[in-house]
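# quick one: sequence and predicted model below, then my questions.
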Amino acid sequence: MYKHILAGAGDINWMAIFALLTFFWLFVVSAITVFRRSKSFIDHMAHLPLDEE
Amino acid sequence: MARIEQFSYDNEIVKKFTYACMFWGVVGMSVGLLAALQLVFPAFNFNTAEVSFGRIRPLHTNAVIFAFVGNGIFMGVYYSLQRLLKARMYSDKLSRFHFWGWQGIILAAALTLPLGLTSSHEYAELEWPIDIAIAVVWIAFGINMFGTILKRREQHLYVAIWFYIATWVTVTLLHVGNNIVIPVSLWKSYPVFAGVQDALVQWWYGHNAVAFFLTTPYLGLMYYFLPKAANRPVYSYKLSIIHFWALIFIYIWAGPHHLLYTSLPDWAQSLGVAFSLMLIAPSWGGMLNGLLTLRGAWDRVRTDPILKFMVVAITAYGMATLEGPMLSIKSVNAISHYTDWTVGHVHVGTLGWNGMLTFGVVYWLLPRIFDTKLHSVKLANVHFWIATLGTLFYTIPLYWAGWTQSLMWKEFLPEGMLKYGNFLETVTQILPMYALRAFGGAIYVFGVFVMVYNLWKTVKSGQLIANEPASAPAMVVTGAHKGEHWHRWIERRPVQMLVGSLIVVLIGGMVEIFPMFMVEDNVPKIASVQPYTPLELEGRDLYIREGCVGCHSQMIRPFRSETERYGEYSKSGEFIYDRPFLWGSKRTGPDLHRVGKKYPNSWHYNHMIDPTSTSPGSIMPPYSWLADNELDTSLTKKKIEVLLMLGTPYGEGYEDKAVADLEAQARQVAAELKKEGIEEEGLETKEIIAIIAYLQRLGTDIQPKKVQVGN
């Protein structure tokens, strides 16, 4: 069973790797930027649906 | 200091979409109830083509997805978008065009689907003229939505709006991708893709119809209407940003989980499994964000039916988005695929998440736009319990049925034969569960009637505020701030948000679909596989018309229980001329991929006219009209021309010989029927000859290694 998996180990489509890397960086960057935001900005955004006259 | 501007919100359009949502909800769910009853009492097919199960099922799915949920989406978007952006819709004319255009499309579906005018692609059955209409109306919606965003007074785009943008972008992409066809006539077309490639494009579309029509817009609605109903902000705005990007990226890849253990290449199946499992994280991000918004306010859920609906809806979403990934694991899928477990899973999501969130939103917004109170909070609470009970009675029997049937399919005697060699025995065992499911559906529909009554009384007691006055300062466009983070930047730039979402959703599609077309050996050729003869082709198109693919699969998986029952497992090379593919998603009846030459022509004749004559206790509808209808060969020549253009090797000029060949083969089949004792005259020009010819061809092109075949 493992032989079957390991035999195909090097055989990865370049597009799949490109997509994985893109997503990984997108995710990391968005997580970092989100956590660096100020509390007041976050509170402002969260209250947008409630801010009606 | 920006000056305060006076304007008004358009509630008239919200009212229209709300009424349409309720109306089509009643219609679509009633059709679903009819379909459920047909499985228990086949008499409900009325031996009439237009209401037979195969034609009714896609009418139900299209009605509840595009008419009920579709109008529900627009109702919620038109209400929330205006208020989040503090701007009236860009164009009242486009709003009306969108509304009437969408209802026109629904009517076209309601007419064409029972007539059997279908492409057979699930949730994309509508033929090409209606597809064009959908594109026009959808673009009008997009212009209206984007125009409103561009003229907004609130600079920052709340998370709900990104979900709406991602929805619009991706649905456009999916609609175009899955409807690339060559027309044969006004109401018939062939897809450009065939076999395995067609299957992958269909389920890339199909799963993302779930993702971007049933999920992302409703998450957008949740992010607006739950805070409104609970009067508190969403639990974690940061979480909503992260799970948004993760969700729209990962979802696209999940399509192949509909094709596990089929002849789709292994690498594509593995991608589908891996990404479907990863999808738990962003989906549950959304669920947790919703539920935790109510932390500290749970006592209000006890008295407020709107919050009850929303809480159960979000919980159902969480359940369905755990169950889905579980079902995408190959070993689980080996048990669940083609069974009622899948149907149960679908309805947790649709009845629980889509249905109940719609009800919650409508109960909240309709009294407000009519400047009144809900007629009866008590009745709304009653509806909540009815809907919950209905959902449970629907789904739990189907879990039972799915497991029971699957285990029966797989059971072997110690001697090595199948214990339940007769497929029908596995159906009759689960009929009580089908009855319970119909009961559950009936309860749910009854609940909707209770709601309609309550809303009607509410509307009568109020007055529509067609144009709700509002005021807000004009938008001050601030330039880029020094050191501003990229997401803050993009939230002020909706166009870049749209382009960004498009790129993100394109990636998954390209990686999975591209190699299927460019890499030749993803679909190995088999020398003995030949195109269908003209008669068989017409028979195939009748199979499509009658919706046989709704109950019968044509994909034998590489399991011993399947090869014993049906014959050699299905190879991808066998489907290269199948336009469209007909692998199917459900086995209410047995798989047909190797039914060719298994039974004599007369068996098929009798079985079509009255299935119970060959199979006592069968729930299959009768198809007696096939023996009465003349086979229409007026399009045969054109069909061959189109298929030649798409690469089917018929030989140059074959379109001129096609009808003659068809008639010769038809006479042969009719002569065999006569020899086998079928005495009706003039059968060689009837539709049933074509269907018999097609069925007798299925799976006979390859030489099976084993000749053992179940009953």
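Received the coordinates, thanks.
# does stretch B:226-237 reach chain A?
Yes: for stretch B:226-237, a contact with chain A is found by CB under 8 Å from any CB of the partner chain, at B:227-228, B:231-234, B:237. C-beta here means a position set from N, CA and C on the backbone, and glycine is covered the same way.
# which ones among those are found in helices?
Applying DSSP state H to the residues of stretch B:226-237 next to chain A, the entries found in helices are B:227-228, B:237.
# mind listing what's buried along the helix or strand hosting residue B:105?
Per DSSP states H and E: residue B:105 is located in helix B:92-112. For helix B:92-112, the neighbour count (16 or more other CB atoms under 10 Å in any protein chain shown) marks B:94-95, B:97-99, B:101-103, B:105-106, B:108-110, B:112 as buried.
# wait, which of these is closest to residue B:78?
Closest approach to residue B:78 among these (CB to CB): residue B:95, at 7.0 Å.
# which residue is the nearest non-sequential neighbour of the closest one?
Nearest-residue entry for residue B:95: residue B:13, 4.4 Å, with adjacent residues in sequence omitted and distances by CB to CB, 6 or more residues apart in numbering or on different chains.
# got the contact list for the one you found?
Contacts for residue B:13 (CB atoms under 8 Å, 6 or more residues apart in numbering or on different chains) come out as B:78, B:89, B:92, B:95-96, B:99.
# do that again at 7 Å, thanks
B:78, B:89, B:95, B:99 (CB atoms under 7 Å, 6 or more residues apart in numbering or on different chains).
# for residue B:40, same thing?
B:431, B:434-435, B:438.
# among those residues, name the buried ones.
For the contacts of residue B:40, buried by 16+ other CB under 10 Å: B:434-435, B:438.
# I'd like the distance between the residue in chain B that chain A sits nearest to and residue B:157.
Closest residue of chain B to chain A, CB to the nearest CB: residue B:233 (3.7 Å). Distance, residue B:233 to residue B:157, by CB to CB, to the nearest Å: 16 Å.
# looking at these two, which has the bigger crowd around it?
residue B:157 (22 against 19; other CB atoms under 10 Å in any protein chain shown).
# specify the local secondary structure of the more buried one.
What DSSP: H, G, I helix; E, B strand; the rest coil gives for residue B:157 is coil.
# wait, it touches residue B:495, no?
No: Residue B:157 lies out of contact with residue B:495 (CB atoms under 7 Å); the separation is 11.3 Å.
# columns pLDDT on top of the buried residues of helix B:92-112, output as CSV?
Listed next are the buried residues of helix B:92-112 as CSV, based on pLDDT from 0 to 100:
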residue, pLDDT
B:94, 97
B:95, 97
B:97, 98
B:98, 98
B:99, 98
B:101, 98
B:102, 98
B:103, 98
B:105, 98
B:106, 98
B:108, 97
B:109, 97
B:110, 97
B:112, 97
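# what sits against residue B:2?
So residue B:2 contacts B:473-474, B:476 (CB under 7 Å, 6+ apart).
# what values do phi and psi take at residue B:9?
The phi/psi pair for residue B:9 (degrees, to the nearest 10) reads phi -90, psi 140.
# just give me the neighbour total for it.
Neighbour tally, residue B:9, other CB under 10 Å: 24.
# likewise the one 10 residues further on?
Each residue near residue B:19 was counted by other CB under 10 Å, and the total is 15.
# which helix or which strand is home to it?
Assigned by DSSP H and E, residue B:19 belongs to helix B:12-40.
# next secondary structure after that helix?
Next along from helix B:12-40, by DSSP H and E: helix B:53-62.
# what residues sit buried inside the helix or strand containing residue A:29?
For residue A:29, the host element (DSSP H and E) is helix A:14-35. Under the neighbour-count criterion of 16+ other CB under 10 Å, helix A:14-35 has A:16, A:19, A:23, A:26-27, A:30, A:33-34 buried.
# got the residues of chain A near chain B?
Within chain A, the residues that sit near chain B (CB under 7 Å from any CB of the partner chain) are A:13, A:15-16, A:19, A:22-23, A:26-27, A:30-31, A:33-37, A:42, A:45-50, A:52-53.
# which helix or strand in chain B has the lowest average pLDDT?
Least confident helix or strand, chain B: helix B:486-491 with a mean of 57, by mean pLDDT, DSSP states H and E.
# cool, chain A as well?
Result, chain A / mean pLDDT, DSSP H and E: helix A:2-7, a mean of 70.
# would you check that residue B:345 makes contact with residue B:322?
No: assessed by CB under 7 Å, residue B:345 is found out of contact with residue B:322, at 10.4 Å.
# for the closest residue to chain B within chain A, phi and psi?
Residue nearest to chain B within chain A (CB to the nearest CB): residue A:46, separated by 3.7 Å. When quoted as degrees, to the nearest 10, the phi and psi of residue A:46 stand at phi -60, psi -30.
# now the residue nearest to it when sequence neighbours are not counted: how far from residue B:555?
Spatially, and ignoring its direct neighbours in sequence, residue A:46 is nearest to residue B:233 (3.7 Å; CB to CB, 6+ apart). Distance, residue B:233 to residue B:555, by CB to CB: 48 Å.
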